[in-house]
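J.: one predicted model, sequence on top.
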Amino acid sequence: MTNEYDAPSAAEGLDASAADGVRPPAVDHARIERAVREILLAIGEDPERDGLRDTPARVARAYAEQFAGLRQAPEDVLNKVFEADHDEMVLVKDIELYSVCEHHLVPFHGMAHVGYTPNKSGQVTGLSKLARLVDVYARRPQVQERLTSQVADAVMRILEPRGVIVVIEAEHLCMTMRGVRKPGARTVTSAVRGDFRDHAETRAEAMSLILGR
Ligand SMILES: Nc1nc2c(ncn2[C@@H]2O[C@H](COP(=O)(O)OP(=O)(O)OP(=O)(O)O)[C@@H](O)[C@H]2O)c(=O)[nH]1
Ligand SMILES: [Zn+2]
């Protein structure tokens, strides 16, 4: 099946084009509304009944928000770099995360932890920018593994640190409210680059900071 716009492959996660200024088109609200109306009919509902009449438009607005990351590039948010004269680990943990599983289009939610060691010139980014970066990738149809590595790769590419570690812990509603129905099951993924990959002690220090609650 061909995409209806000229998107790069899912493996590239749209970044190649977004960084070049080529973005997916704006969310087509009218098209979502038509599709949601069809789904309501297909499940045997009446889209004209009072409670559902505005639902297609509401879903279109909700999707525009939930998938806003498709029209953002990491460079849009990871753009403030300061000289902090600090070249040891910076870790922002417990960044609340809401995303949408690309298999079932239902939410998964949890926490992201993002740490990096600044390069020798001690350049750091604003702490909130790491949380914004997580949102850029979370607000797309996702699998947790790709979300985790996309955040790590963006930090490496843009901040050029000595290393980065990203750990995401999440609960997938597709595993709890339906399907296998295992409430409480949590999925943990990690991506390590640079000195977190090369040095076991650096990685262990980060993991103990992340897991030590
Ligand atoms: N690796 C990975 N799998 C995911 C993620 N989100 C959902 N899944 C899984 O994707 C799989 C899709 O499996 P399918 O057999 O194609 O779909 P399904 O029949 O709806 O599967 P069940 O959920 O087992 O009912 C399921 O095992 C989900 O648990 C994710 O972020 N990462
Ligand atoms: Zn799913």
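T.: Received the coordinates, thanks. Numbering: from 1, shown residues only. Ligands and ions are numbered 1, 2, ... in the order given.

J.: please, where are all the helices along the chain?
T.: If DSSP state H is used as the criterion, the helices of the chain fall at 15-19, 29-42, 55-66, 74-77, 127-138, 144-159, 173-176, 195-198, 200-211.

J.: in the chain, which residue is most central in space?
T.: Ala138 (2.1 Å; CA atoms, centre = their mean).

J.: so that one is in contact with Glu96, correct?
T.: No. With contacts counted by CB atoms under 8 Å, Ala138 stays clear of Glu96, the gap being 9.8 Å. (Each C-beta comes from the backbone N, C-alpha and C, glycine too.)

J.: ok, the closest residue to Val114 other than its chain neighbours - contacts?
T.: Excluding the flanking residues, the one nearest Val114 by CB to CB, 6 or more residues apart in numbering is Leu130, at 4.6 Å. By CB atoms under 8 Å, 6 or more residues apart in numbering, Leu130 lies in contact with 78, 92, 95, 114, 155.

J.: now these as a markdown table including neighbour count?
T.: Shown next, in a markdown table, are the contacts of Leu130 (neighbours: other CB atoms under 10 Å):
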| residue | neighbour count |
| --- | --- |
| Leu78 | 20 |
| Val92 | 16 |
| Ile95 | 22 |
| Val114 | 25 |
| Val155 | 27 |
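
J.: reformat these as CSV; add distance to Ile168 and pLDDT.
T.: CSV is the format used below for the contacts of Leu130 (distance: CB to CB, whole Å; pLDDT from 0 to 100):
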residue, distance to Ile168, pLDDT
Leu78, 18, 92
Val92, 13, 97
Ile95, 9, 98
Val114, 9, 98
Val155, 14, 96
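
J.: of all of this protein, which residue lies closest to ligand 2?
T.: Cys174 (2.8 Å; CB to the ion).

J.: the residue nearest to Leu105 when sequence neighbours are not counted: how many residues sit nearby?
T.: Closest residue in space to Leu105, ignoring its immediate chain neighbours: Pro141 at 6.9 Å, by CB to CB, 6+ apart. Pro141 has 15 neighbours, counted by other CB atoms under 10 Å.

J.: how about Arg162?
T.: 21.
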